[in-house]
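K.L.:
A structural model of the following input is requested.
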Amino acid sequence: MEKDLSNYRKSYEKGELLLNEVPENPMELFQKWFYEVDRHFAEDETNAMTISTIGLDGYPKNRVVLLKKYTYEGFIFYTNYHSEKGKAIAINSNVCLSFFWHGAERQIIIKGKAEKIAENLSDGYFESRPRGSQLGALVSNQSEVVKDRDYLEQKLFNLEKTYEGKEILRPLNWGGYIVKPTEIEFWQGRPNRLHDRIRYALQEDYNWLIHRLSP
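P.N.:
Residues are numbered from 1 along each chain as shown. This is a model prediction of the structure:
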């Protein structure tokens, strides 16, 4: 099987990113871009991000998760700690996050270290989830092999009966991570492939060194 994709072309013309206009802290620029995309490009799932980990087999692996909170300290998402990504983070906490908002022709790449958030914060988020999502966290031994979908649906049915009228507590193998960034790169598509790239690198004094990169 073969398909030539060399004629796929697009001209990026929706914005610019100038070094003399960016803030000193990259989280402020992240917030500005996030709000702009969320407001003007409804077709994008704004908080969808790719997280890359180094697996136990030595290979990098990417998957899409949902950003649930961001602060000056970092980016928070939730998952099963026993999942493939959870096991990878336990061995190597270096991860990479990326957002691609095609409507705005923007990309953000974040290098950082992932660590578990406090249990009470995970409890609070779990309590805020829809009941079906709470049960789903109990049903799924994430990343493990199952024989078929019927097995999962039957397990969900049984748990619905078990927890009918009862509070569902957060399972201890499920919770949040915060990715604390050490480097953040902002990419704005520009015509003729002369894209704007601004990189923030965290220094030992916790200030950010800012550079423009060649496209």
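K.L.:
Tell me which residue is most central in this protein.
P.N.:
Residue closest to the average C-alpha location in the chain (Cα atoms, centre = their mean): Met49, at 3.5 Å.
K.L.:
quick one: the helices in this structure?
P.N.:
Ranges of helices in the chain, per DSSP state H, are 26-40, 84-91, 119-128, 131-139, 149-162.
K.L.:
out of those, nearest to Ile108?
P.N.:
helix 26-40 (6.6 Å; Cβ to Cβ). C-beta here means a position set from N, CA and C on the backbone, and glycine is covered the same way.
K.L.:
That closest one - contacts with which helices or strands?
P.N.:
strand 69-70, strand 106-116, strand 174-188 (3 or more Cβ pairs under 8 Å, 6 or more residues apart in numbering; DSSP states H and E).
K.L.:
What are the buried residues along that helix?
P.N.:
Using 16 or more other Cβ atoms under 10 Å as the burial criterion, the residues of helix 26-40 that qualify are 26-27, 29-30, 33-34, 37.
K.L.:
wait, doesn't the residue nearest to the centre of the chain sit right on Cys96?
P.N.:
No. Taking contacts as Cβ atoms under 8 Å, Met49 lies outside contact range of Cys96: 10.1 Å.
K.L.:
now stretch 127-136: mean pLDDT?
P.N.:
The pLDDT scores in stretch 127-136 average 95.
K.L.:
err, stretch 59-66, not the other one
P.N.:
97.
K.L.:
Put the alpha carbons of stretch 75-88 into PDB.
P.N.:
Extracted in PDB, the C-alpha atoms of stretch 75-88 (Å, rounded to 0.1, in the frame of the first residue of the first chain):
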ATOM      1  CA  PHE A  75      -0.700  21.400  34.300                       C
ATOM      2  CA  ILE A  76      -3.000  18.900  36.000                       C
ATOM      3  CA  PHE A  77      -4.700  15.800  34.500                       C
ATOM      4  CA  TYR A  78      -6.200  12.600  36.000                       C
ATOM      5  CA  THR A  79      -5.700   9.000  35.200                       C
ATOM      6  CA  ASN A  80      -5.300   5.400  36.500                       C
ATOM      7  CA  TYR A  81      -2.000   5.200  38.400                       C
ATOM      8  CA  HIS A  82      -1.700   1.600  37.200                       C
ATOM      9  CA  SER A  83      -2.200   2.400  33.600                       C
ATOM     10  CA  GLU A  84       0.600   2.200  31.100                       C
ATOM     11  CA  LYS A  85       1.300   5.900  31.400                       C
ATOM     12  CA  GLY A  86       1.100   5.700  35.200                       C
ATOM     13  CA  LYS A  87       3.700   2.900  35.300                       C
ATOM     14  CA  ALA A  88       5.900   4.800  32.900                       C
END
